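>>> What shape does this take:
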Amino acid sequence: MTKRNIYRLLLFIILIIIIDRSLGFLISNYSLKYRFDNRIGLLLKDSLNKDVFIIGSSRALNGYSPKVIEEETNFTCYNLAVSGSNVEFHETVLDLILSSKHKPKTIIYNLDDCATLMQFKGQIIYPFEQLYPYVENDKINKIVAEKMDKNLWTTKFSLTYKHNVNFISAVKYLRGGKEKPSFEINNIDKYGSNLMEGKAKGFEDMVFQNNNPYKFEKSYKPYQQSLENIINKCKSNNVKLILVNPPIFFTKNKGFLEEVSKICNNDAEIIDYAELFASNDYFYNHGHLNKKGAIEFSKQLSKALNKN
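Next up is the predicted model:
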């Protein structure tokens with residue numbers, strides 16, 4: 001190969017690298033700008049120095065008021081719950097919390113009656129899209145690469161390949177700007193919560209369900225393992241863990257809390273508020289509190305936090 005051809009090859013490689021880096025940077029930048037919910041980003045930047053973190057799925061996102069907890073206790077509080085997420089994702093969120101510079105004093109983990117330990121395919125998932133915009137972080141990138149069966153080494157070499165999961169979000173930003181928050185899912189306030197007014201459509205006159213919509217049977221082993229991991233990680237990091245069974249407007253499952261108690265083995269406190277409210281005034285639907293319910297429930301929870 002002549003020197004001239006070698007120079008052409010080197011120039012071509014340099015050009016490819018420049019294009020890859022530039023395109024990858026733009027995709028990453030635009031996808032971050034597109035997101036309305038940036039709580040994971042704040043956590044990765046060590047911008048959340050809080051005494052108490054709330055983790056869980058939609059019942060935690062919609063049913064707790066950190067503002068009230070701060071007013072009723074001497075603790076700062078923030079909500080990192082994600083709608084529709086499973087206990088495996090909650091373990092990931094806990095890992096990110098514990099790896100930050102500011103470790104909390106307490107973790108409140110919201111239990112979803114039976115759904116914490118049972119698999120509901122398509123309904124309760126590991127929401128990768130919550131992590132995609134932050135793949136520049138090595139830990140997040142590793143998780144995403146493993147879950148999506150991407151070549152980890154290639155993600156380190158090619159910025160475009162690393163951020164390909166964010167391409168659609170980048171395009172959406174260019175077309176319409178920032179993401180419009182969903183009323184029920186990610187209308188996040190400055191405390192990390194999404195409190196909902198009134199009642200959901202069709203639930204205005206809801207009555208108490210004597211028959212539980214779910215029947216707790218055998219726990220799903222990977223979910224059980226993740227719950228065990230959450231308990232053990234809090235214990236080893238000297239972080240108090242409180243497992244909270246929130247208010248619901250249906251008959252709670254027999255055996256669910258007993259199973260949780262066995263897994264817990266006295267390494268975390270379990271508080272059952274399932275039957276706290278007898279009126280539908282406090283509920284958005286049968287499984288979720290509305291803003292009025294979240295405020296009153298958070299006042300009751302604050303009493304337990306003060307005792308601790």
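
>>> Tell me the predicted confidence for Pro213.
As predicted, Pro213 sits at a pLDDT of 83.

>>> Might you report the residue contacts of Phe146?
Quick fix: residue 146 reads Glu, not Phe. Contacts for Glu146 (CB atoms under 8 Å, 6 or more residues apart in numbering) come out as Leu152. C-betas here are computed from N, CA, C, even on glycine.

>>> oh sorry, the question was meant for Asn141
Applying CB under 8 Å, 6+ apart, the residues contacting Asn141 are Val135, Leu152, Thr155, Lys162.

>>> Which helix runs longest in this protein?
Longest helix in the chain by number of residues (criterion: DSSP state H): helix 3-34.

>>> pretty sure Asn194 is touching Tyr284, no?
No. With contacts counted by CB atoms under 8 Å, Asn194 stays clear of Tyr284, the gap being 10.7 Å.

>>> Please compute how far the lowest-mean-pLDDT helix or strand in the chain lies from its chain's middle.
The weakest-scoring helix or strand in the chain, judged by mean pLDDT, DSSP states H and E, is helix 3-34 (a mean of 87). Using CA atoms, centre = their mean, to the nearest Å, the mean C-alpha position of helix 3-34 is found 34 Å from that of the whole chain.

>>> helices or strands next to that helix in the packing?
Counting by 3 or more CB pairs under 8 Å, 6 or more residues apart in numbering; DSSP states H and E, the packing neighbours recorded for helix 3-34 are helix 159-162, helix 167-176.

>>> which secondary structure elements does the very next helix or strand once past that helix contact?
Where DSSP states H and E defines the elements, the next helix or strand beyond helix 3-34 is helix 39-44. Contact here means 3+ CB pairs under 8 Å, 6+ apart; on that basis helix 39-44 packs against helix 87-98.

>>> Give the rounded mean pLDDT of the helix it packs on.
97.
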